[in-house]
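**Student:** below is the sequence, then the predicted model.
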Amino acid sequence: MATSKNYIVPLRRRREGKTNYKKRLAYLLSGKPRLVVRITNTQFIAQIVKSEKGQDYVLAQFNSSSLKKKYGWKYAVKNLPSAYLTGLVLGKIALQKGIKEVILDVGLRKPHRKGRIYALVKGIIDAGVSVPYDPTILPDESRLKGEHIKAYLGKDVVSAFEELKNKIENEFTRTDKKGEKK
């Protein structure tokens, strides 16, 4: 414990290791919505969040476990293909709500080059939402489709990936600008 009278106790969320206030301030000063990506033990949680008057408002969200429930994805929901598909769906939802540009907020997690977080970002970009990024950090197309899983486990993830990607594309192309199904 500090004994000096000049010691300033850090804010609670900083002490707990939950918030980096310097990064958060930079995100907020940009004025753009944030693409918040969190990885839990069982799924990806991706949200587009806007801050106004000291409050965060979730504008759009999608988690990878919904791939199984809503779209019938039969494989794991924490791998590269599911991250890409999660980003693709969230990007389509964002476009329907008029969100065209976001910035990436990964929190205190250190993202790895060509990792799952960037697979999710690639899905958002392919949906048509603008995200500032370096092209060298995105995973290869073969890994996004799951060819590495097919080679390792022998499961045909590639065809299931292509089928689900087409299903997502078709679902969101059938809607007009008002969000009504045609």
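**Tutor:** Cool, got the structure.
**Student:** report the buried residues of stretch 120-130.
**Tutor:** Residues of stretch 120-130 classed as buried: 120, 121, 122, 123, 124, 125, 126, 127, 129 (neighbour count, 16 or more other C-beta atoms under 10 Å). Using the backbone N, CA and C atoms, a C-beta is placed for each residue, glycine as well.
**Student:** from those residues, which single one is nearest residue 64?
**Tutor:** Residue 64 has its nearest neighbour among the buried residues of stretch 120-130 in residue 120, at 8.8 Å by C-beta to C-beta.
**Student:** look up phi and psi at the closest one.
**Tutor:** In terms of degrees, to the nearest 10, the main-chain angles of residue 120 are phi -60, psi -40.
**Student:** how close does it sit to residue 9?
**Tutor:** Noted for residue 120: a distance of 36 Å to residue 9, by C-beta to C-beta, to the nearest Å.
**Student:** helices along this structure, start to end?
**Tutor:** 12-15, 21-30, 65-71, 80-96, 116-127, 141-145, 147-153, 157-173 (DSSP state H).
**Student:** list the contacts for the closest residue to residue 108 other than its chain neighbours?
**Tutor:** Nearest residue to residue 108 in three dimensions, chain neighbours excluded: residue 20, at 6.0 Å (C-beta to C-beta, 6 or more residues apart in numbering). Applying C-beta atoms under 8 Å, 6 or more residues apart in numbering to residue 20 gives the contacts 14, 107, 108.
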